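> When you get a sec, could you give me coordinates for this:
(one chain, ligands or ions: 1)
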Amino acid sequence: MKKLIFLTVLVCATVPLSAKSFFKGQKEYLRECRSCHGSSQFFIGKFSPQRWEELLKDSGKKLAFNHIQTNNSVEYFKSEQYLKRVEYIQAYVTHYFQKAKKQQ
Ligand code: HEC
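From the prediction side, this is the model:
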């Protein structure tokens, strides 16, 4: 039930984001994440929507912190580009879970 509420909130929060954001997020994933994490279709589903929300909120602070701490892609996670595009990654993750929900 909690998951459902979260998804509903996410959907409402991201309706104004155009489909373009989701495509930009996909592109960003392919460019900046795939080399380490592999296919997004597999990787995104490894974490719950709640975990993603936690990692990506506040301009993806926690996600950046975790990577910088473990010395992975430090330059990217400290960059302006990351701060600008993390919302697209969020849109992409949201889209992924919406699609997964429809297929249930
Ligand atoms: C240079 C390699 C590298 C790149 C590039 C990279 N990651 Fe990671 N990421 C890691 C490693 C290593 C971990 C830690 C894995 C572990 O703890 O088993 C990690 C952890 C994670 C986690 C789990 C974090 C947690 O605390 O639960 C997520 C989610 C994640 N990465 C997403 C991303 C996204 C999104 C991108 C692209 C914007 C990205 N990563 C780019 C190497 C990378």
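
> Next one: K2 relative to the ligand, how far apart?
Counting by C-beta to the nearest ligand atom, to the nearest Å, the separation of K2 from the ligand is 19 Å. (Each C-beta comes from the backbone N, C-alpha and C, glycine too.)

> err, S40, not the other one
9 Å.

> ok, now S79?
Noted for S79: a distance of 11 Å to the ligand, by C-beta to the nearest ligand atom.

> Just give me the neighbour total for that residue.
Neighbour count for S79, taken as other C-beta atoms under 10 Å: 14.

> Quick check: phi and psi on it?
Phi and psi for S79, reported as degrees, to the nearest 10, are phi -90, psi 160.

> Wait, G25 touches Y92, no?
Yes: shown here, G25 and Y92 form a contact pair, counting by C-beta atoms under 8 Å, at 2.9 Å.

> Past the worst-scoring helix or strand of the chain on mean pLDDT, which element shows up next along the chain?
Least confident helix or strand, the chain: helix 2-14 with a mean of 68, by mean pLDDT, DSSP states H and E. Counting by DSSP states H and E, the next helix or strand C-terminal to helix 2-14 is helix 19-32.

> and that next one, anywhere near the ligand?
Yes: against the ligand, helix 19-32 shows contacts by C-beta under 6 Å from any ligand atom at E32.

> G25 and Y92: which is more packed in?
The neighbour comparison of G25 against Y92 (other C-beta under 10 Å) goes to G25, with 24 against 20.
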